[in-house]
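In: requesting a structural model of the entry that follows:
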Amino acid sequence: MAIPDKFSVVQMRTVLELNGFPAIPVEDEVATKQQILVSRSFLDPIHDPEIVGAAVAEFAQRASHRLRKEGEVTGRFLVFASTSPHRPGPEHSVSAHVRLAVPTSEPTPLVAAARAALAPKLVHGMQYMRAGILCMDLASGGVRARPARRHRTTSTPR
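Out: Coordinates of the predicted model:
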């Protein structure tokens with residue numbers, strides 16, 4: 001009785017692996033990320049656009065932290081908020097694409113741009129249940145060194 005006649009390909013690979021033979025080659029290159037998503041569903045509905053904006057600001061800060069940790073910058077992002085289709089009441093979903101003039105991983109421009117893009121679209125009284133930020137157009141070079149401060153030196157005549 002041959003193994004292929006009795007078992008599936010997955011089971012055959014498992015048997016090979018257990019016997020010390022690699023069934024699937026190991027890839028040396030790690031795939032680079034194309035996007036970073038930070039989003040959450042809220043436990044209770046949020047009716048106030050200011051609170052949704054604060055949540056989005058926090059998500060932008062988390063995204064910034066992840067970008068800097070991985071040494072990347074983002075040139076474009078999508079910010080969004082939505083109500084739940086499973087709850088009674090009107091459905092409302094808003095999003096905004098933001099293209100940054102200069103790719104960055106700094107939290108201040110990400111937070112400011114995310115809030116400015118989403119705030120005008122939020123409607124007071126809607127039951128927002130989810131919000132987030134999706135960073136796209138990732139590139140390496142996230143943690144840029146700040147320029148050194150130039151110190152004035154004064155020389156005293158001897």
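
In: wait, residue 106 sits on residue 64?
Out: Yes: here residue 106 lies in contact with residue 64, judged by CB atoms under 8 Å, at a distance of 6.5 Å. Every residue, glycine included, has its C-beta placed from N, CA and C.

In: look at the two and report which has more neighbours.
Out: Taking other CB atoms under 10 Å, residue 106 and residue 64 do not tie; residue 64 has more neighbours (25 against 15).

In: who's in contact with the longest helix anywhere in the chain?
Out: In the chain, with assignment by DSSP state H, the single longest helix is helix 49-69. With CB atoms under 8 Å, 6 or more residues apart in numbering as the test, helix 49-69 has contacts from 36, 38-40, 42, 46, 73-74, 77, 79, 81, 105-107, 110-111, 114-115, 118-119, 122-124, 128, 131-133, 135, 138, 142-143.

In: narrow the residues you listed to those that are buried.
Out: 36, 38-39, 42, 46, 73-74, 77, 79, 81, 105, 107, 110-111, 114-115, 118-119, 122, 128, 131-133, 135, 138, 142 (16 or more other CB atoms under 10 Å).

In: mind checking which of these land in strands?
Out: Judged by DSSP state E, strands contain the following of the buried ones among the contacts of helix 49-69: 36, 38-39, 42, 46, 73-74, 77, 79, 81, 128, 131-133, 135, 138.

In: pull the most distant pair out of those.
Out: 46 and 73 (30.2 Å; CB to CB).

In: any idea which element residue 102 lies in?
Out: strand 93-104 (DSSP states H and E).

In: give me the helices and strands touching that strand, please.
Out: strand 72-83, helix 107-118 (3 or more CB pairs under 8 Å, 6 or more residues apart in numbering; DSSP states H and E).

In: okay, now the sheet partners of it, with direction.
Out: strand 72-83 (antiparallel) (DSSP bridges).

In: follow-up on the earlier one: using TSV, lay out the helices and strands packed on strand 93-104 together with mean pLDDT.
Out: As requested, those are exported to TSV (pLDDT from 0 to 100):
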stretch	mean pLDDT
strand 72-83	95
helix 107-118	96
